[in-house]
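Participant: Predicted model follows, preceded by the sequence.
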Amino acid sequence: MKRRAFLYGAGAATVAAWQTWPTRSGTAAPVTTDEIGDQVQTLPRGQLPEFARTGKIQWLYRYAVEHGDELPCFCGCYRFGHKSNRDCYVKAFNADGTPTFTSHAAT
């Protein structure tokens, strides 16, 4: 009986966590194209852009937001003003803290 109660509790906790996970609705801006042809999208913190929906790409975009400045950029995009690997994923952090993502890394 204790195992069944544990499994029900774990299932309920999973459903509750899933319901609080950020979604791609609400204040998400539309995807646009910037001056160098990359897609860009501004989203609330915790959300990822439409062009970063697959498993490994999601992980990379999340890592770039949190740790991207730790890695140098080697793709030659310094001519676009990139100073770290984060710049290949995040075009800018806006005054309110929302990120504007770029598809540069995804493409």
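Facilitator: Cool, the structure landed. Residues are numbered from 1 along each chain as shown.

Participant: where in this protein is pLDDT low?
Facilitator: Scanning the chain with the threshold set as pLDDT under 70 gives 1-26.

Participant: what about the strands in it?
Facilitator: With DSSP state E, the ranges of strands along the chain come out as 32-33, 39-42, 90-93, 99-102.

Participant: Could you tell me the phi and psi values at the spatially most central residue of the chain?
Facilitator: By C-alpha atoms, centre = their mean, the chain has its centre lying nearest to residue 48, at 3.4 Å. Note on residue 48: backbone dihedrals following degrees, to the nearest 10 are phi -120, psi 150.

Participant: Count the residues that sit near the closest residue to residue 41 other than its chain neighbours.
Facilitator: Of all residues not flanking residue 41 in the chain, residue 49 sits nearest, at 4.1 Å (C-beta to C-beta, 6 or more residues apart in numbering). C-beta coordinates here come from the backbone N, C-alpha and C atoms, glycine included. The number of residues packed around residue 49, counting by other C-beta atoms under 10 Å, is 26.

Participant: tell me the contacts of residue 49?
Facilitator: 31, 39, 41, 43, 61, 101, 103 (C-beta atoms under 8 Å, 6 or more residues apart in numbering).

Participant: The fifth one is in contact with residue 88, isn't it?
Facilitator: Read that as residue 61. No. Between residue 61 and residue 88 there is no contact under C-beta atoms under 8 Å: 10.1 Å.

Participant: mind listing what the residue nearest to the centre of the chain touches?
Facilitator: 24, 58, 61, 62, 101.

Participant: What of residue 68?
Facilitator: 84, 85, 86, 87, 88, 89, 90.
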